[in-house]
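Peer 1: using only what follows, build the 3D model:
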Amino acid sequence: MEFTGGDISTKTAGFTLLEVMIAMAILAIALTSLFGSQSASVALATETRFNTQAPLLARMQLAEIQYADEIIPADGDFGDDFPGFQWELSVEDAAFGESEILQQLEGELLHLILVVSWGDKLFSYRLDSYWKGSL
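Peer 2: Numbers count the residues shown, from 1 in each chain. Coordinates of the predicted model:
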């Protein structure tokens, strides 16, 4: 038996609009979660970079400060080697509160507070040190 033309409708292969819309919705949900986890990964990598470099830079800067003849409050950056990293030093007399033994050292020790920051002070690391000397 042979079929001709108009009586029988033929189906063509393809997707309906509803199937395409469901596939697009699934793809959008998957990509949204993928991009969310990717941005969290980048944020953690950035924080890890700072937490690794800042203590090393603080110790390096503190060594340079203590090597100088006079310890005075100052600030600066780490140049082109570490772009975006800044440091700030504040100096005060060391105060030891109510301890009678440690109060004997007051006036002879300086409390050095070195803060290393990065990214417009988005991240900061504080290093406290004591140095024999006076203001």
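Peer 1: after the helix or strand that contains Thr52, next one along is what?
Peer 2: In this structure, Thr52 sits in helix 17-67 according to DSSP states H and E. Downstream of helix 17-67, the next assigned helix or strand under DSSP H and E is strand 74-77.
Peer 1: and that following strand, which strands flank it?
Peer 2: strand 85-93 (antiparallel) (DSSP bridges).
Peer 1: what mean pLDDT does the strand it pairs with have?
Peer 2: On average, the pLDDT along strand 85-93 is 91.
Peer 1: over to stretch 99-108?
Peer 2: Summarised as a single mean, pLDDT over stretch 99-108 is 68.
Peer 1: spatially central residue in this structure, please.
Peer 2: Nearest to the geometric centre of the chain sits Glu47, at 3.0 Å (C-alpha atoms, centre = their mean).
Peer 1: that residue contacts Tyr125, doesn't it?
Peer 2: No: contact criterion C-beta atoms under 8 Å: Glu47 and Tyr125 do not qualify, at 11.4 Å. In this view, the C-beta of every residue, glycine as well, is placed from N, C-alpha and C.
Peer 1: how close does Cys49 sit to Ala43?
Peer 2: One thing to correct before we go on: residue 49 is Arg, not Cys. Look at Arg49 and Ala43: by C-beta to C-beta, to the nearest Å, they are 11 Å apart.
Peer 1: and Arg59, what does it touch?
Peer 2: Leu127 (C-beta atoms under 8 Å, 6 or more residues apart in numbering).
Peer 1: which SS state does Val116 fall under?
Peer 2: strand (DSSP: H, G, I helix; E, B strand; the rest coil).
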